[in-house]
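Enquirer: Need the 3D shape of this:
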Amino acid sequence: MSFTVYYDYHDGVEVPIWIVVSLKKVDIETDKQTLTLTAQAPFYKQAREDFDPDQMNVTVTMNELMIGSSPNTFTINMKCIQDRLEEHSILIEEIDGLILLVADVEELLQFTL
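Expert: The predicted structure follows:
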């Protein structure tokens, strides 16, 4: 599974800020408790200005991330996300994507993307 990494400039240096996982390209099983991703290049790279603010996205918090069982993998606790969405009467099928902070993934995996 691939994902998009959005970049911005900080002090004239291009830095990654968000990882966006498109759920429209992934078959999310509603009974599935987790979603495992591999953090390895190549990433689909986009500028921050290219981010579509009209998409229905949900932020993944650090508490919903876990280290995966294979190298460079991490797991998203989809059950927690589904529970948060249900509080607002939103189904996971209505969500376009998951947004993760690059800093959270780097901290979890203890390396730099």
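Enquirer: quick one: buried residues of the least confident helix or strand in the chain by mean pLDDT?
Expert: The weakest-scoring helix or strand in the chain, judged by mean pLDDT, DSSP states H and E, is strand 34-38 (a mean of 87). When neighbours are counted by 16 or more other CB atoms under 10 Å, the buried residues of strand 34-38 are found to be 35, 37. (Each C-beta comes from the backbone N, C-alpha and C, glycine too.)
Enquirer: starting at the chain centroid, how far to it?
Expert: 10 Å (CA atoms, centre = their mean, to the nearest Å).
Enquirer: Can you tell me what sits against it?
Expert: The contact list for strand 34-38, computed with CB atoms under 8 Å, 6 or more residues apart in numbering, reads 1, 3, 21, 26, 28, 66, 68, 70, 72-79, 98.
Enquirer: go again using 6 Å as the cut-off
Expert: Strand 34-38 is contacted by residues 68, 72, 73, 74, 75, 76, 78 when judged by CB atoms under 6 Å, 6 or more residues apart in numbering.
Enquirer: in terms of contact, does the first one touch residue 105 like I think?
Expert: Spelled out, it's residue 68. No: Residue 68 is not in contact with residue 105 according to CB atoms under 6 Å; the separation is 11.2 Å.
Enquirer: So which of those two has more stuff around it?
Expert: residue 105 (21 against 18; other CB atoms under 10 Å).
Enquirer: so where does the more buried one fall, helix or strand?
Expert: Assessed by DSSP states H and E, residue 105 sits inside helix 102-109.
Enquirer: for residue 9, same thing?
Expert: Counting by DSSP H and E, residue 9 is found in strand 4-10.
Enquirer: what is the rounded mean pLDDT of whichever helix or strand comes after that strand?
Expert: Where DSSP H and E defines the elements, the next helix or strand beyond strand 4-10 is strand 13-22. Averaging pLDDT along strand 13-22 gives 92.
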